[in-house]
Every structure is written in structure tokens, then in C-alpha cells.
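Participant: 3D model of this:
(chains A and B, ligands or ions: 1)
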Amino acid sequence: MTNTTDDSKEVEDLEIALLLEGMFKRYGYDFRDYSLAHLRRRLRHRMESSSLPDMGAMLHRVLHDRSFFELLLRDLSINVTEMFRDPDIYLRIRTEVVSRLKTYPFVKIWHAGCATGEEVYSMAILLHEEGLLERCQIYATDFNQIALKKAKAGIYALDQIRQFTANYQKSGGRESLSDYYTADDHSVILKNWLKKKVVFADHNLVTDSVFSEMQLVVCRNVLIYFNRELQNRIFQTFYESLCPGGFLWLGSKESLRLSPMNKHFDPLFADEKIYKREL
Amino acid sequence: MTRPSKRVPYEAVVIGVSAGGLHALRAILPRLPKNFPVPVVVVQHRGADSDGFFAEYLDQRCLVQVKEAEEKEEAAPGTVYLAPANYHLLLEDDRTFSLTLESRVRFARPSIDVLFESAADVYGANLIGIILTGANDDGSRGLATIKKRGGLAVVQDPVGAEVDTMPKAALQAAKVDFVLPLAAIGQFLANLYEE
Ligand SMILES: C[S@@+](CC[C@H](N)C(=O)[O-])C[C@H]1O[C@@H](n2cnc3c(N)ncnc32)[C@H](O)[C@@H]1O
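Facilitator: A predicted model of the protein is given here:
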């Protein structure tokens, strides 16, 4: 059966595939294995906001105009995040994982897809309170340079701080979150010493390789944007990056359960958000 | 009269509901037979940190299985999937679920429009979209998209709806096929697939 809506969907899908191919070939950013439903939404949104008639026109524009590519890059990278998001899981990291990390003389932690950094500073605060920060090196990476810049600055809108504070308290925080920042009329500025063990770097999970051996990899709410095949590849990357027995912490809706890499990891808890790599 | 033509085999049902949702879903879902032949996917607006209670509560009262949709899980018949709190829920061409953390769409995450529009991409004319009680206009764009793709649009009768804003908005935005009182919607769905 062919009808016009099926036809136009087929054409749009083809245009999207060409667009992704074009972005990869021209700029090196590979979105070809991202969730198609997500891509469709974001690309249609850009098409409408930029008053383009169709995806074909978008392809033309993106190939000829680097600034438009950068706009698209931002559309395709969702930076929604918060401090101590999923506080109950931070509590588990604090009570169950930190004590195991303490058995290493030196601890390397990789936040892959750190967005604007809230998650990284949450970890630094937690490690500080548990007396481990001094022995840690934290790598915070993302492929979105604008987000990374914000992460480095560590300055957040004041209106978010209530949520952050509530999360912090639920996460087992031992002090007052306000000990870690100064505030002005509009923003909170995290204290500089929280950054001393953190390196922020541009890194694309899809196209860049492993760079060090980690005791803990934190990758939350990034893999949800990938299709299954790409998820598997990235789980493989994390496997290679982790030391034997190292920990992998995923987002609250992510799990290894449906991946063939599952057999190389053991969930630390029944709800499968924190895993231990096989020895 | 509440029996549309069987020419199109509807392959999935999507439901959007906001204020008054628990009551509305309780009126509909227990009417579905255990072997209901297609998946039902529901976006119910709720608090960002609400947990799995909602699904459990409904599951205990239904013949079909009710659960939260999991990332990359395949939408199966005889199952009702609820969007988890604080994520958008989308369907992929291979009929698996995707979750995203995109910003709220018209104040909502999960957003009904986001689910409906992605489901319309996947199922085209073989999709039923249903809008129930609610205090905003989420879902009306999505329902219009479902209609544009040739699917079937059902809206709860605003007269008698706990909050009539959402059904009214949907009726304005889309050429709706059926306007039904809450009490009739479950049976309507069950009848569609009756031998
Ligand atoms: C929703 S945020 C998650 C932030 C944080 N981890 C959290 O859970 O709150 C997803 C991040 O993944 C990043 N991302 C997406 N694809 C990526 C890739 N291929 N390589 C590196 N980062 C990526 C995005 O730029 C975005 O900052």
C-alpha cells in the first residue's frame, strides 16, 4: 500500500539519513546511530524555527554554513541536568561505593556526558565529605563545547538552588550546600577549590577513544539518546576503560539488561543502576 | 454506533491524561480483556519524583499487565505502558520505547504531544489516540497529527469530564471521530477487537 503520508515519511527518513551522513562527513560529528524518534523531533523543530521548507534544504544549509551546523549541534545535544539528581542513588554511592573506592591508592573517575557540570560538582562535594577527594582525579567530558564552558565556570541560576539543596539533603549530605558556593542576585558561584581535582575536556563518546583506566565511570542520561547498537559499542568502551572490578553508574532509566555486554557486569543492587565490571 | 469500520487494523492505542487521571484510567483500563491484541501507551502528567506506585495500583486492578515503559523495551500486546515520571516517552520505528530528558514541552514532561507525534510516525493510520480529562492543552497537537496521518481520534466528552480543558482543546484542534463519556471508552476499545 502506498499513500501520500507513507511516501512523505519515506522521503523525510531518507533526507534525515543524508543529513546525518553529511554532518558526519563534513564536520566529524556522528549522529547516525542516535534514536531516530529523538532526531526527528529535534530536526523538525530546527526546520520550523529556521523556516526551512524541508530536510533537504537543511542538508544544503548545514553543508554550506558552519554556524548553522553549530546551531544544529546544540539542538541535538540535550543538556538538561541538576545537582544530586536522583538523590537516593547518590546516597548509595556515598554509603556503598565510596568505601570500595577507598581501597584504591588513587581513584580515577570519568563523567561521560557531563553537560553543564552539576553532576561533576555533586560528585566532588560527596567525595570531599567522605574524605576521598584528595586522592581522586575526575575527568568530565562532553562533546558540547558550550555546555563544557558552563561546566568549567560552575555558575548556576539562583532559582535552581532550592531543588539542588533539597536533593543534596536527601543524598546524605553532611554539611550545608551553601558551604560550597557564594551567591549574588542571580546566580550561585561554586567555590573554586571544588574544581582542583577536575579536568574538563571535549570528548565525543561515539568517535573518540578511551583515554585512561578508571575506577568509576559515570554516564547518566546519555545512552538513552543512542540506538541499541551504539549503546552496546559504548558499553564496550566503558568496559575497556574500567579497571577489573571498577564501577559503572548509569542513569535512573538506563540499564545493561538488554545488552549483550550484560554478562561482563554485575549489578550492585537489584535496580541495576550501579554495576561492577568483571575481574 | 460506537464501532468504527474494521478496514484499518489499529495496531496501537495512545492515551493522554492529566488532572483526574487516576480516576479516568481506573474507569477505562480494567475493561480491557487480558489478551487485548495491541499495546496501549499512556502519558499521565504527574510529579517529577512520583514513583512506580501508579503502575502498580492499576496493574492490581486490570486484566492486562500495567507497567512503566522501559528504555528500549518493545511495545507488546496485552500490555499498558505508562510514561515514567520526568522523562519524555517516544516510540521508535521498530516499536521500542525511547526516553529523553529534553526540556518540558508546554510545561509538561512527559508530554502527550511528544508521545502522540512519535507514535503517529510509527503507526500512521493504524493508530488510535485518546484524550481524557486535564487542565491544559497538551495532546491537542499530537491528536491533530494522528488525524493527519489517517488515524482514529477519540476524546472524552467534556461534559462530565473531571476537568474539561484538555478534551475541549483537543476537540478544537482535531477532527475527532468519537466523543465518548468516560464510562464508555473502555468498552469501546474492547469492542474494536472483538471477534
Ligand atoms: C541529558 S545530559 C546528561 C547530564 C548528566 N549526566 C545528568 O544525567 O544529569 C546528556 C549529555 O550528553 C551529551 N552527549 C550526547 N551525545 C554525546 C556524545 N556522543 N559524546 C559526548 N557527550 C554526548 C550531551 O551533550 C549532554 O550534555
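Participant: quick one, what contacts the residue of chain B found nearest chain A?
Facilitator: Of all residues in chain B, residue B:90 sits closest to chain A, at 4.0 Å by C-beta to the nearest C-beta. Backbone N, C-alpha and C define where each C-beta goes, glycine included. The contact partners of residue B:90, taken as C-beta atoms under 8 Å, 6 or more residues apart in numbering or on different chains, are A:35, A:37, A:38, A:41, B:97, B:98, B:99, B:100, B:114, B:115, B:118.
Participant: tally of neighbours for the second one?
Facilitator: Summarising burial for residue A:37: neighbours were counted as other C-beta atoms under 10 Å in any protein chain shown, giving 25.
Participant: ok, now the third one?
Facilitator: By other C-beta under 10 Å, 25 other residues sit near residue A:38.
Participant: show me what the host helix or strand of it is in contact with.
Facilitator: Here residue A:38 sits within helix A:36-49, counting by DSSP states H and E. Residues from elsewhere that reach helix A:36-49, judged by C-beta under 8 Å, 6+ apart: A:12-13, A:16, A:19-20, A:31, A:52, A:54-55, A:57-58, A:71-72, A:75-76, A:225, A:227, B:90-93, B:98, B:100, B:102, B:114, B:117-118, B:121-122.
Participant: list the residues that contact the closest residue to residue B:138 other than its chain neighbours.
Facilitator: Leaving aside its chain neighbours, residue B:138 sits nearest to residue B:112 (4.5 Å; criterion: C-beta to C-beta, 6 or more residues apart in numbering or on different chains). The neighbours of residue B:112, taking C-beta under 8 Å, 6+ apart as the test, are B:16, B:18, B:43, B:45, B:131, B:138, B:139, B:142.
Participant: just checking, the fourth one touches residue B:139?
Facilitator: So that's residue B:45. No. The criterion here is C-beta atoms under 8 Å, and residue B:45 misses it with residue B:139 at 9.9 Å.
Participant: interface residues of chain B facing chain A?
Facilitator: By C-beta under 8 Å from any C-beta of the partner chain, the residues of chain B that approach chain A are B:70-73, B:84, B:87, B:90-93, B:96, B:98-103, B:114, B:117-118, B:121-122, B:124-125, B:148-150.
Participant: using PyMOL, make a named selection holding only the buried ones among the residues you listed.
Facilitator: Selecting the buried subset of the residues of chain B next to chain A in PyMOL, with 16 or more other C-beta atoms under 10 Å in any protein chain shown as the burial test, is done by:
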select buried, chain B and resi 70+71+72+73+84+87+90+91+92+96+98+99+100+101+102+114+117+118+121+122+124+125+149+150
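Participant: and residue 154, what is it in contact with?
Facilitator: If you meant another chain, say so; for now it's chain A. Residue A:154 touches A:117, A:121, A:189, A:190, A:192, A:194, A:195, counting by C-beta under 8 Å, 6+ apart.
Participant: correction: the question concerned chain B.
Facilitator: Contact partners of residue B:154, counting by C-beta under 8 Å, 6+ apart, are B:128, B:129, B:130, B:131, B:176, B:177, B:178, B:179, B:180, B:185, B:188.
Participant: likewise residue A:167?
Facilitator: A:82, A:83, A:84, A:85, A:87, A:90.
Participant: gap between the fifth one and residue A:26?
Facilitator: Going back to what we said before, that points to residue A:87. Here residue A:87 is placed at a distance of 42 Å from residue A:26 (C-beta to C-beta, to the nearest Å).
Participant: settle it for me: which of these two has more neighbours?
Facilitator: Set side by side, residue A:87 and residue A:26 show more neighbours around residue A:87, with 19 against 13, by other C-beta under 10 Å.
Participant: now do the buried residues in the lowest-mean-pLDDT helix or strand in chain B.
Facilitator: One helix or strand of chain B scores below all others by mean pLDDT, DSSP states H and E: helix B:53-59, with a mean of 92. Neighbour-count burial for helix B:53-59, with 16+ other C-beta under 10 Å as criterion, is recorded at B:54, B:55, B:58, B:59.
Participant: got a list of contacts for that helix?
Facilitator: Against helix B:53-59 from outside (C-beta under 8 Å, 6+ apart): B:22, B:25, B:26, B:29, B:44, B:46, B:65, B:66, B:67, B:68, B:80, B:82.
Participant: quick one, helices of chain A?
Facilitator: Counting by DSSP state H, chain A has helices at residues A:4-27, A:36-49, A:55-64, A:66-76, A:87-92, A:98-101, A:118-129, A:145-153, A:161-170, A:228-241.
Participant: kindly report the same for chain B.
Facilitator: With DSSP H as the criterion, chain B has helices spanning B:21-28, B:53-59, B:112-123, B:140-148, B:165-173, B:182-192.
Participant: from the contacts of residue A:167, which single one is nearest the ligand?
Facilitator: Nearest to the ligand among the contacts of residue A:167 is residue A:85, at 5.0 Å by C-beta to the nearest ligand atom.
Participant: and that closest one, how many neighbours?
Facilitator: 22.
Participant: which residues are in contact with it?
Facilitator: Residues near residue A:85 by C-beta under 8 Å, 6+ apart: A:118, A:119, A:122, A:167, A:220.
Participant: most neighbours among these, which one?
Facilitator: residue A:122 (28 neighbours).
Participant: picking up where we left off before, with the ligand as the reference, measure out to the residue nearest to residue B:138.
Facilitator: Separation of residue B:112 from the ligand (C-beta to the nearest ligand atom, to the nearest Å) stands at 21 Å.
Participant: can you check residue A:179 too?
Facilitator: For residue A:179 relative to the ligand (C-beta to the nearest ligand atom), the value is 22 Å.
Participant: got it, and residue A:18?
Facilitator: As judged by C-beta to the nearest ligand atom, residue A:18 and the ligand stand 20 Å apart.
Participant: then residue A:153?
Facilitator: Applying C-beta to the nearest ligand atom to residue A:153 and the ligand gives a distance of 15 Å.
Participant: residues near residue A:250, how many?
Facilitator: Residue A:250, neighbours per other C-beta under 10 Å, totals 23.
Participant: that'll do, ta.
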